[in-house]
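1. how would this look folded up:
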Amino acid sequence: MFPKHPLGRRRWLRHSRGPAPAIGGREDGALAELCRWGESQPWVVRTRGREGRGVRFLVDCPELSRREPWFALEVADEVLDGKPLVLVALPSGVGERGVALGWAQLVGTLPDGRTIVGVGPPGSPSGLRALQRLLELAYSACFDPTVSPEW
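-> Here you go, the predicted structure:
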């Protein structure tokens with residue numbers, strides 16, 4: 001029923017979930033890859049965005065009593081000319097630094113001390129990898145909001 005080899009099992013799971021969603025009616029290769037990558041992380045649940053205009057990813061770990069927002073892809077017509085905006089829940093220090101350096105836009109704050117920032121969609125494979133590293137930091141912060149990288 002399930003492939004025995006871990007890589008075969010992972011491929012089976014990826015194909016069993018169906019295609020990655022089109023964001024704002026468009027399918028973008030980098031964003032589709034980001035959605036597949038996000039879904040492949042442990043304890044991640046994908047839900048619909050507001051008014052069906054995107055996708056949200058939550059970390060849902062009942063074993064540790066955690067259900068936290070991780071990141072979202074939403075269409076932001078007024079911000080990026082109709083391109084999707086990636087919203088990320090980062091530790092406050094990282095989010096504030098991103099806003100100060102200009103690679104992020106402040107969107108809001110969460111009660112646990114995390115900051116929600118918006119970043120542009122990845123435009124290249126290296127941009128996708130950089131965004132995935134940022135999302136890894138945000139993922140860790142879902143379990144411990146005091147997580148801060150060593151600068």
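2. in the protein, which spans are strands?
-> Under the criterion DSSP state E, the chain contains strands at 44-48, 54-61, 66-75, 84-91, 105-109, 114-119.
3. For the fourth one, give the mean pLDDT please.
-> Here the mean pLDDT over strand 84-91 is 90, rounded to a whole number.
4. by contact count, what packs against it?
-> Secondary-structure packing of strand 84-91 (3 or more Cβ pairs under 8 Å, 6 or more residues apart in numbering; DSSP states H and E): strand 66-75, strand 114-119, helix 125-143. C-beta here means a position set from N, CA and C on the backbone, and glycine is covered the same way.
5. buried stuff in the longest one?
-> Pointing back at helix 125-143 there. By neighbour count with 16 or more other Cβ atoms under 10 Å, helix 125-143 contains the buried residues 128, 131, 134-135, 138-139, 141-142.
6. residues in contact with it?
-> Residues from elsewhere that reach helix 125-143, judged by Cβ atoms under 8 Å, 6 or more residues apart in numbering: 30, 33-34, 37-38, 41, 59, 61, 64, 66, 68-71, 86, 88-91, 94, 114, 119, 122, 147, 149.
7. what do you get if the cut-off is 7 Å, keeping everything else the same?
-> The contact list for helix 125-143 (Cβ atoms under 7 Å, 6 or more residues apart in numbering) reads 30, 33-34, 37, 41, 59, 64, 66, 68, 70-71, 86, 88-91, 94, 114, 119, 122, 147, 149.
8. Just the buried ones from those?
-> Judged by 16+ other Cβ under 10 Å, buried ones among those: 34, 59, 68, 70-71, 86, 88-91, 94, 114, 119, 122, 147.
9. which one of those is nearest W103?
-> Lowest distance from W103 to these (Cβ to Cβ) belongs to V119, with 6.5 Å.
10. Who are the contact partners of that closest one?
-> 86, 88, 103-104, 131.
11. ok, those vs V55, which is closest?
-> V55 lies nearest to V86 out of the contacts of V119, by Cβ to Cβ, at 10.4 Å.
12. quick one: the closest residue to the closest one other than its chain neighbours from L64, how far?
-> Closest residue to V86 apart from its sequence neighbours, by Cβ to Cβ, 6 or more residues apart in numbering: V119 at 5.0 Å. V119 is 27 Å from L64, where distance means Cβ to Cβ, to the nearest Å.
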